[in-house]
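Visitor: kindly generate the corresponding structure for this input.
(chains A, B and C)
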Amino acid sequence: MMETVKIAPAKETTTVPVARKKRKWTADHWLATAFLAPSVVLIFLFVYGFIGWTGYVSVSNWNSLVPDWSFAGLKNYQYLFQDFRFQADLRNTIVFTVLFIAVVIVLGQLLAILLDQKLRGESLFRNIFFFPMALSFVVTGVVWQWLFNPSTGVNLFLKPLGLDSKWYTDTTILGGFQWGKIEFGIPLAMIAVMVAAVWQMTGFAVAMYLAGLRAIPDEVREAARMDGATELQLYWKIILPLLRPITVSVIIIMAHISLKIFDLIYAMTGPGANFVTDVPGVYMFETTFRGNYYANGAAIAIVMLLSVAIFIVPYLISSRKGES
Amino acid sequence: MAKQLWARPFLYLLALAMSVFFLLPVYVMIVTSLKPLDEVTLADMWKLPSAVDWSSYATAFEKLAPNFWNSILLVVPATLLSALLGSLNGYVLSKWKFKGADTLFTLILFGMFIPYQSILIPLIQFLREIGLYNTIPGLVFVHVVYGIPITTLMFRNFYAAIPDEMIESAKIDGAGFVRIFRYIMLPLSITGFVVVAIWQFTNIWNEFLFAVTITTSDKQPIMVALQNLSGSQIVQWNVQMAGALLAALPTLFVYIFLGKYFVRGLLAGSVKG
Amino acid sequence: MRKKASAWLALALGVGMALSGCSSNSSSSDDAKQGSQKAGEKLEIFSWWTGAGEEDGLKALIKLFQEKHPDIEVENAAVAGGAGTNAKAVLASRMQGDDPPSTFQVHGGAELNEGWVAAGKMEPLNDLYEQEGWMDKFPEALIDMVSKDGNIYSVPVNIHRGNVLWYNKKVFADNGLQPPKTFDEFFEVADQLKAKGVTPLALGDKEPWTATHLFETVLLGTLGTDNYQKLWNGELSFDAPQVKQAVETFKKMLGYINEDHSSRNWQDAAQLVAEGKAAMYVMGDWAKGYFVNDLKLKVNEDFGYVPTPNTDGKFMVITDTFGLPKGVKNPDDVKKFLALLGSVEGQDAFNPLKGSIPARIDADPSKYDEYGKQTMEDFKNAELAPSLAHGSAAAEGFVTKVNQAINIFVTQKDVNSLIDTLVSAAAELKK
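Guide: I've put the predicted structure just below:
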């Protein structure tokens, strides 16, 4: 049944009759909508419905075990934005997200290309790179906590090389300048956390990029080689650009992990001395379930969501404009 | 002689170096799991055990085994269902675009970012009201719903790479929505399903928050049982590590099994020029 | 508003159910229905005791109960992790949703009184206390701790002591030192140790409560029991000069701790002392369990213990208790369990395994080790003080804020900033 069609990598326009450009709404389109509908309904209820609930709690006075639905306006938000811990959380999340995503993308592509080079033992290496994903964040956090212990961990190997670091016990903020109550800069402690997270999640980026690489037909590579391109040019000018849509997905998926991250931090470092490794996810959990400040916790959640909306949504829109 | 990106020895060196990075923590885990508790201290973390002690594995296995089946009953249906839903959604959103489809997609995607701690209370109230609280189907339901955004994202992007011309010519041949899906999209989706299956299996298997709040004791998946191996005051790290390694085995098995599908030309070869 | 919304949700869910229900295991949905009918008949014991020692104690208690009441089905609904925070999340979801467990573990004192009692979700237990004749079997101060407005709300099952200073005997002997009794002696000893290159005081504040724990022993030692109590009923303000002095002492102590303190939890810090890398350690007496059972050290041979500076004759109480939530379907069964919990037999079954001492003053000392016997004596005779870090002195919201403020203080060491935070947080304290 398969029709053989010529695949062109670039956005080649084929000559077709003009009528085809207009999309007709057919019965099939109705069917399509029907298939999409259940998901939309579920998301509407369980995501947006609950976001509504959370939003309502965040402007209420419910800050103890006794539910108090009276209206509090933006009081909880005001409290948060003047809170040392929350300011530190915002800084830490920004730094962590940027570093984490950048490293995962670069390393993911590098390792995928490496695996694509017809090495012997490819499946062994592939499984080694995938394995960390199989562990839960809690386990990863614990192990890397040990590994980065300044006196007994990897420093034992690094000291002879002249390197030493306080890892996540380091309270230094690189490039710090005063910002509200905190110093804004790169908390060196977050680098340790980033390494652990990269270790855990790069495997997935490798999987996605590898799938992408394997989907590129040999013809594309052959054509480029026949045109006289070197391997480096082939990768740089043709293959990496083809992987760009995958990068969009990787960014979105990794961003949603890094913005919500909780288990890893909780298990690995806790909030950290002077809150250098604290993140909103941890703060929200503690403030809601240990401190019983439900409204504050809800406000943190809403702020997290809004910050996503501000950064990720425009990115999504622009990246899809680029597609079509 | 095919042209090389870099020299072969360099490639192997790089692969080995990265492998060391990836395997170092695993070494510590394995070594710790084979030690008796008094040897498990920060100072000794790199040392090999004085004598291999398998008792941690025995303890961990005994405590985790009852919950293993719960996890299987949870993960397999949840993965299959969310993958199916995701592929249907991705298909619709990439090949049957209607006005507002992109906005709808963005809205679905946005749902991925909600922090689960913040919606625990209304979620549990709801589950209790429909009688799915403390049941595996309830947990399956939750994971399917919250898996929709990410599976939709993956499939939609995957399908966007399949040329529209294929769909168009199939339509000209008289194929409708369902036939196109069954005979064109599905066969081409193998790698897509592999990636989604890897992701969903891993995440649902390792997920803790919903598992611990929605189910209790005998219905709990294995991750909660793993967490319960530790006490609230004193943690026996050797048992924890043994348990963590045991709990990771099924996922690893899935990777090894599905890894066979990362074969070159699976997609490209089926659409020859 | 919420009732209508949930009904609407339930209706609309028919669609979702059709899609996701196809693979449901029909026997487990039957279980769910059965479960909600039988919930009234099962005795669910909710706690975070899931590790070695504490779990053994709980299981022994349950076994004893089942021997006496074979007709009552018991479920051990323990949830681990996060020093009880996971369990608290689950508990909160259930209590807010009006599906309380039969009974749950809670720290005696403010954690319960300013929490679920204030929310109106607990039944008073005065009748039970009368019936079992408990009024003179627990220290009066302890009964006061678990009471609010004249009503008693929970039964204490164990006692841990918070103000204990553990020390490595060999390190002290090698340096010819005696364990300190006062703050001045503490700093003298610390200076000598520091000069010899030994970390004087171990601290593992990866989990912030450990630093708060150290601070509250300094508070108790500086203020004395009466003034310490006054902090919690609002008679003494946090900017009083004695509090400031305590903070200064605490700050000075922080100059003698191990550098990697924020990367170690309390057990990792205890290891420093066991290895002789640190000399002293302030921690509750669950540390003894760790030293003896896990690190295989010997009491009074490898390590010794004294009350923390200036707290001889004072006892920082940390107590786990169980109460009766409102709306439980089988309150009589729960009361039977509570009765066992508060009995000598029950407490002597539980505590030796958990490593704590019984809350009852008439328990059998022969079942306990050397440390236990001595501590039981101290408990009867000392002045009791409620622990802040462990939920007895103040509501959890306040404790959370204190933990945060102390975390910042350990790094920034700004005395005035800490006091300001304590004062403003104290405005929340119920009188």
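
Visitor: which residues of the chain score low on pLDDT?
Guide: All of this refers to chain A. Along chain A, segments meeting pLDDT under 70 span A:1-25, A:319-324.

Visitor: I was thinking of chain B, sorry if that wasn't clear
Guide: Scanning chain B residue by residue, the ranges that satisfy pLDDT under 70 are B:1-6, B:231-234, B:262-273.

Visitor: what parts of the stretch 51-200 of chain C come near chain B?
Guide: C:51-55, C:75-84, C:86-87, C:89-90, C:92-94, C:96-97, C:99 (CB under 8 Å from any CB of the partner chain). Just so you know, the C-beta spots here come from the backbone N, C-alpha and C atoms, and that holds for glycine as well.

Visitor: for stretch A:76-86, measure first residue to last.
Guide: Terminal residues of stretch A:76-86 lie 12 Å apart, using CA to CA, to the nearest Å.

Visitor: which residues touch that stretch?
Guide: A:58-59, A:63, A:87, A:180-182, A:271, A:275, A:278, A:280, A:283, A:295-296, A:298-300, A:303, C:404, C:408 (CB atoms under 8 Å, 6 or more residues apart in numbering or on different chains).

Visitor: same deal with stretch A:114-123?
Guide: A:125-126, A:129, A:206, A:210, A:213-214, B:4-5, B:11-12, B:14-15, B:18, B:256, B:259, B:264.

Visitor: residue contacts, residue A:184?
Guide: Counted by CB under 8 Å, 6+ apart, residue A:184 has contacts A:91, A:173, A:176-178.

Visitor: same question for residue B:252.
Guide: Neighbours of residue B:252 in contact, by CB under 8 Å, 6+ apart: A:127, A:130-131, A:134.

Visitor: in which helix or strand does it reside?
Guide: Using DSSP states H and E, residue B:252 falls within helix B:237-259.

Visitor: so which of the contacts of residue B:252 sit within helices?
Guide: A:127, A:130-131, A:134 (DSSP state H).

Visitor: which stretches of the stretch 251-400 of chain C form helices?
Guide: Using DSSP state H, counting those that start in this stretch, the helices assigned to the stretch 251-400 of chain C run over residues C:266-275, C:286-289, C:331-341, C:344-354, C:370-381, C:396-412.

Visitor: quick one: the ones you listed as JSON lines, columns for distance to chain B too.
Guide: Output for the helices of the stretch 251-400 of chain C, formatted as JSON lines (distance: least, CB to the nearest CB, whole Å):
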{"stretch": "helix C:266-275", "distance to chain B": "5"}
{"stretch": "helix C:286-289", "distance to chain B": "5"}
{"stretch": "helix C:331-341", "distance to chain B": "17"}
{"stretch": "helix C:344-354", "distance to chain B": "9"}
{"stretch": "helix C:370-381", "distance to chain B": "16"}
{"stretch": "helix C:396-412", "distance to chain B": "15"}
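
Visitor: contacting residues around the closest residue to residue C:249 other than its chain neighbours?
Guide: Once flanking residues are discounted, residue C:249 sits nearest to residue C:218: 5.4 Å by CB to CB, 6 or more residues apart in numbering or on different chains. Neighbour list for residue C:218: C:246, C:249-250, C:253, C:308-309 [criterion: CB under 8 Å, 6+ apart].

Visitor: now residue C:218: how far from chain B?
Guide: According to CB to the nearest CB, to the nearest Å, residue C:218 stands 22 Å off from chain B.

Visitor: how about whichever strand or helix holds that residue: buried residues?
Guide: Element membership of residue C:218 [criterion: DSSP H and E] is helix C:209-232. In terms of neighbour count (16 or more other CB atoms under 10 Å in any protein chain shown), helix C:209-232 has its buried residues at C:209-225, C:227-232.

Visitor: and that helix, how far from the chain's centre?
Guide: Averaged C-alpha coordinates place helix C:209-232 at 15 Å from its chain's average position (CA atoms, centre = their mean, to the nearest Å).

Visitor: between helix C:266-275 and it, find me the angle.
Guide: 110 degrees (axes from the mean of the first three to the mean of the last three CA atoms, to 10 degrees).

Visitor: give me the angle between helix C:209-232 and helix C:396-412.
Guide: Per the same axes, to 10 degrees, the angle that helix C:209-232 makes with helix C:396-412 is 120 degrees.

Visitor: hey, C-alpha coordinates of helix C:209-232 in CSV?
Guide: C-alpha atoms of helix C:209-232 as CSV (Å, rounded to 0.1, in the frame of the first residue of the first chain):
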residue,chain,number,x,y,z
TRP,C,209,16.0,21.3,62.1
THR,C,210,19.3,20.1,63.5
ALA,C,211,20.6,23.7,63.8
THR,C,212,17.4,24.7,65.5
HIS,C,213,17.9,21.8,67.8
LEU,C,214,21.3,23.1,68.8
PHE,C,215,19.9,26.6,69.2
GLU,C,216,17.1,25.5,71.5
THR,C,217,19.5,23.8,73.9
VAL,C,218,21.5,27.0,74.1
LEU,C,219,18.2,28.9,74.7
LEU,C,220,17.3,26.5,77.5
GLY,C,221,20.7,26.7,79.0
THR,C,222,20.8,30.5,78.9
LEU,C,223,17.2,31.2,80.0
GLY,C,224,16.4,28.4,82.4
THR,C,225,13.2,26.5,82.3
ASP,C,226,10.8,29.2,83.5
ASN,C,227,11.9,31.9,81.1
TYR,C,228,12.1,29.4,78.3
GLN,C,229,8.5,28.5,78.9
LYS,C,230,7.6,32.1,79.0
LEU,C,231,8.7,32.5,75.4
TRP,C,232,5.9,30.2,74.3
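
Visitor: pLDDT of that helix, averaged?
Guide: Regarding helix C:209-232, the rounded mean pLDDT is 94.

Visitor: ok, stretch C:122-131 next?
Guide: 93.

Visitor: which outside residues touch it?
Guide: Contacts of stretch C:122-131 (CB under 8 Å, 6+ apart): C:112, C:116, C:134-135, C:143, C:151-155, C:323-326, C:331, C:335, C:338-339.

Visitor: pull out the buried positions in that stretch.
Guide: Buried, per 16+ other CB under 10 Å, within stretch C:122-131: C:122-125, C:128-129.

Visitor: likewise stretch C:341-359?
Guide: C:341-343, C:346-359.

Visitor: go ahead and confirm residue C:296 touches residue B:39.
Guide: No: in this structure, residue C:296 is not within contact of residue B:39 by CB atoms under 8 Å, at 10.3 Å.

Visitor: more neighbours: these two, which one.
Guide: Each of residue C:296 and residue B:39 has its neighbours counted (other CB atoms under 10 Å in any protein chain shown); residue B:39 has more, 18 against 12.
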